[in-house]
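Asker: structure of the sequence below:
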Amino acid sequence: MIQTLKRSLVSSDRSESLAVNRNSRTNETLRIGIVGCGPRGLYCLQSLADELVNSEVSQPVEVLIFEPADFPGAGNVYTPNQPAYLKMNFAAKHIDAWSRGESHDQERVPLVQWLNTQGESPAGPDDFVPRRDVGRYLHDCFQRVISKLRSVAEIKFHRDCVDSIEPEDRHWILGAGGKTYVLDQVVITVGHGGEPESAESSGESTNSIPVFPVNQNLNARTVQPNSRVAIRGFGLTSIDAVLAMTEGRGGQFKRGEAGWEYERSGDEPAVIMPYTRSGRPMLSKPDETIFVQPVQLEEIWARGRAAIDVTARPVTASAMVHQVWQSVTEAASSAVNFCSGRNSISASSVKGWFDHWCRQPMQPYGTLAAMQQSYAVSTGQIMPDIAWALGAAWRNLYPAIARCVSHEGLLAEAWPVFNTIGIEMERIAFGPPAENQGKMLALVRAGILDLNFITASMQCAAKSKPALVAGENRIEIDHHVNAVLPSPLENCSNGPVAKLLSDRIVQRIESGGGIHVDRNGNAIHDGTVVEGLAIFGRITEGCVLGNDTLSRKLHRHPDRWAKSIVEQIKQKEMTQ
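Answerer: Below you'll find the predicted structure:
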């Protein structure tokens, strides 16, 4: 229980401040603090508004929202202030901020309908739209949610970062903007919060430039034209960085018969060189406006999900290989055989391809060939291959995988097996839209994107420029860009969550590493619910699988949390 948890003593000045706050609050009012109001915070508010409106509770509710970003609901990742060339890797048809439930509110529309009626840029269901358009949609949803929530609760908005969260008696003391707040419930939804990794923390002595915000960090004043740029990482963030230093500086991509072509503006770096330990690229997602997937594939995906759903939990290392992963490879085998009209690819063939993919770092020619093959398949130029089928199987079976793994679904012995598979499947299944892969290939042909140092290491010496070194090849660089975002665990390394961990108020799940929460999002410590504290999003990754998504169907934690809040109010009213 909260009252038994240890906490630091507060100063006398702070104690007086708390006493003033506590004496001034209405004892009957339930005070809820939302820490962070990106998409997850929005989802919690929407679920809470629905539950309060549909209930008959009479207890007054006050909601305090702490979000420093300019556009609540969107947060920093989807801020409407970013350039249009930064796009989603998630088709527009999958984005819907509303938990449908039993509501038939005509204002609750998914992204595609919103863009085609109220947005500035109409879109089709299979389009990969700019992130800023998604941000406008999410912020509009936030405003609608707040309008509804105001009918049943008092709302106070604070554009402050939260510095501290500490338990005291049956309440929580939250510090933000030099003030303290006494709360009954705290919800933490900090998402991609945290500072970009520094050069020092990555083991490099050169100064690293974080990617975001691109307009500030990667403009021509910061990274000069005709300079030589190294980029650490070759994932989605690296692609954003490359586009910022090319298309973002007036360069133009044009689609030709042979693919995308790039026309220089003259403000680009002379060369951009990504480097990574594995050398393996992200494979592109299919452009379903061109490469239409047969509807019969859904039967294959449904069988795969059903097979994973019956796997006994907690999953052993053997079951991870012979049941869960086997279900994925069998689905991939069936899919590629169906699309090719043959029956020549077995699940063992799929496993063999994957093992070969993982076996050793990929050399530059292999990296380029994988990108070219992926682009050709994803745009319908050549027949689907094993890589496409494996990516499609992982994406479509992922809801069942998340159900299987989340909330201590794996034994400790199974986590290394799952992590090995999961890290590689991020590259194979959750890569960029085909258009962005085509743009990267155009930049290779234009001589701007250089893959020859894809598995290089960074060399720093006191009396010379930093350089990328690959075997006998060495090239000095002018700028180093860090395109490796902090992991969910690194996001817990500072701030109020770090203090909650160090004070043993919350804990990481033993095997997966994420903050331990139950299916309502309540924090768990030593098997006991931490009363009044709920945590959602990236920092629970490992306990809850698949947080980096806008999908409301994959996880129902915000809905269940809101329902539990109303149930607590009802129980309290029944005992009074």
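Asker: show me what contacts residue 532?
Answerer: Counting by Cβ atoms under 8 Å, 6 or more residues apart in numbering, residue 532 touches 2, 167, 170-172, 183-186. Using the backbone N, CA and C atoms, a C-beta is placed for each residue, glycine as well.
Asker: now the strands for the stretch 401-550 of the chain?
Answerer: With DSSP state E, counting those that start in this stretch as the criterion, the stretch 401-550 of the chain has strands at 457-461, 464-470, 473-476, 479-482, 522-525, 528-535.
Asker: out of those, nearest to residue 393?
Answerer: Within these, the stretch nearest residue 393 is strand 528-535; the backing value is 30.9 Å (Cβ to Cβ).
Asker: who are the packing partners of the following helix or strand past the closest one?
Answerer: Moving toward the C-terminus from strand 528-535, the first helix or strand encountered (DSSP states H and E) is helix 557-575. With contacts taken as 3 or more Cβ pairs under 8 Å, 6 or more residues apart in numbering; DSSP states H and E, helix 557-575 sits against strand 30-35, helix 39-54.
Asker: can you lay out the ones you listed as CSV showing mean neighbour count?
Answerer: Formatted as CSV, those follow (neighbours: other Cβ atoms under 10 Å):
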stretch, mean neighbour count
strand 30-35, 23
helix 39-54, 24
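Asker: low-confidence ranges, the chain, go.
Answerer: Scanning the chain for pLDDT under 70 picks out 1-27, 101-104, 192-206, 489, 491-493.
Asker: can you give the domain ranges for it?
Answerer: The chain breaks down by automatic domain parsing into domains covering 208-282+436-482, 297-429.
Asker: now those as JSON lines including distance to residue 81 and mean neighbour count?
Answerer: Below are the domains of the chain laid out as JSON lines (distance: least, Cβ to Cβ, whole Å; neighbours: other Cβ atoms under 10 Å):
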{"stretch": "domain 208-282+436-482", "distance to residue 81": "8", "mean neighbour count": "19"}
{"stretch": "domain 297-429", "distance to residue 81": "27", "mean neighbour count": "18"}
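Asker: what about these, which gets the closest to residue 94?
Answerer: With Cβ to Cβ as the measure, domain 297-429 is the member of the domains of the chain nearest residue 94 (10.1 Å).
Asker: where's the closest one relative to the chain centroid, distance-wise?
Answerer: The chain centroid and the centroid of domain 297-429 are separated by 20 Å under Cα atoms, centre = their mean, to the nearest Å.
Asker: distance between the ends of it?
Answerer: Domain 297-429 has an end-to-end distance of 16 Å (Cα to Cα, to the nearest Å).
Asker: between the strands of the stretch 401-550 of the chain, which gets nearest to residue 386?
Answerer: Short answer: strand 464-470, nearest of those by Cβ to Cβ, at 28.7 Å.
Asker: mind giving me the packing neighbours of the closest one?
Answerer: The helices and strands touching strand 464-470, judged by 3+ Cβ pairs under 8 Å, 6+ apart, are strand 457-461, strand 473-476.
Asker: dump those to JSON lines, plus distance to residue 72.
Answerer: Below are these laid out as JSON lines (distance: least, Cβ to Cβ, whole Å):
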{"stretch": "strand 457-461", "distance to residue 72": "38"}
{"stretch": "strand 473-476", "distance to residue 72": "44"}
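Asker: looking at the ones you listed, spot the one closest to residue 224.
Answerer: Nearest to residue 224 among the helices and strands packed on strand 464-470 is strand 473-476 (14.7 Å), distances taken as Cβ to Cβ.
Asker: contacts for that closest one?
Answerer: Applying Cβ under 8 Å, 6+ apart, the contact partners of strand 473-476 are 228, 273, 452-453, 456, 459, 464-468.
Asker: for residue 88, state which of the residues you listed is nearest.
Answerer: Using Cβ to Cβ, the contacts of strand 473-476 come closest to residue 88 at residue 273, 26.4 Å.
Asker: if I've got this straight, the closest one is in a strand?
Answerer: Yes: Residue 273: assigned to a strand according to DSSP: H, G, I helix; E, B strand; the rest coil.
Asker: circling back to that earlier point, which of the contacts of residue 532 are buried?
Answerer: Buried subset of the contacts of residue 532 (neighbour count, 16 or more other Cβ atoms under 10 Å): 2, 167, 171-172, 183-186.
Asker: please produce TSV containing the residues you listed, extended by secondary structure and distance to residue 220.
Answerer: Formatted as TSV, those follow (DSSP: H, G, I helix; E, B strand; the rest coil; distance: Cβ to Cβ, whole Å):
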residue	secondary structure	distance to residue 220
2	helix	53
167	strand	49
171	strand	51
172	strand	47
183	strand	46
184	coil	51
185	strand	47
186	strand	43
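Asker: need the residues you listed in JSON lines with distance to residue 437, can you?
Answerer: Shown next, in JSON lines, are the buried ones among the contacts of residue 532 (distance: Cβ to Cβ, whole Å):
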{"residue": "2", "distance to residue 437": "50"}
{"residue": "167", "distance to residue 437": "48"}
{"residue": "171", "distance to residue 437": "51"}
{"residue": "172", "distance to residue 437": "46"}
{"residue": "183", "distance to residue 437": "46"}
{"residue": "184", "distance to residue 437": "49"}
{"residue": "185", "distance to residue 437": "44"}
{"residue": "186", "distance to residue 437": "42"}
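Asker: which residue packs closest to residue 530, ignoring adjacent ones?
Answerer: residue 523 (4.1 Å; Cβ to Cβ, 6 or more residues apart in numbering).
Asker: same question, residue 223
Answerer: Leaving out its chain neighbours, the residue that sits closest to residue 223 by Cβ to Cβ, 6+ apart is residue 479, at 4.9 Å.
Asker: same thing with residue 32?
Answerer: Once flanking residues are discounted, residue 32 sits nearest to residue 185: 4.4 Å by Cβ to Cβ, 6+ apart.
Asker: separation between that neighbour and residue 342?
Answerer: Using Cβ to Cβ, to the nearest Å, residue 185 is found at 57 Å from residue 342.
Asker: so which of the domains of the chain comes closest to residue 49?
Answerer: Nearest of those (Cβ to Cβ): domain 297-429, 25.9 Å.
Asker: do you know which of the domains of the chain lies nearest residue 138?
Answerer: Here domain 208-282+436-482 is closest among those (Cβ to Cβ), at 17.3 Å.
Asker: which phi and psi does the nearest residue to residue 176 once chain neighbours are set aside have?
Answerer: Nearest non-adjacent residue to residue 176, counting by Cβ to Cβ, 6+ apart: residue 160, 4.1 Å away. The phi and psi values for residue 160, taken as degrees, to the nearest 10, are phi -130, psi 150.
Asker: before we move on, what about residue 521?
Answerer: Phi and psi for residue 521, reported as degrees, to the nearest 10, are phi 90, psi 0.
Asker: surely it touches residue 530?
Answerer: No: Residue 521 is beyond contact range of residue 530, at 11.1 Å (criterion: Cβ atoms under 8 Å).
Asker: wait, what's in contact with residue 97?
Answerer: Residue 97 is in contact with 39, 42-43, 46, 73, 110-111, 137-138, 141, 550, 552, counting by Cβ under 8 Å, 6+ apart.
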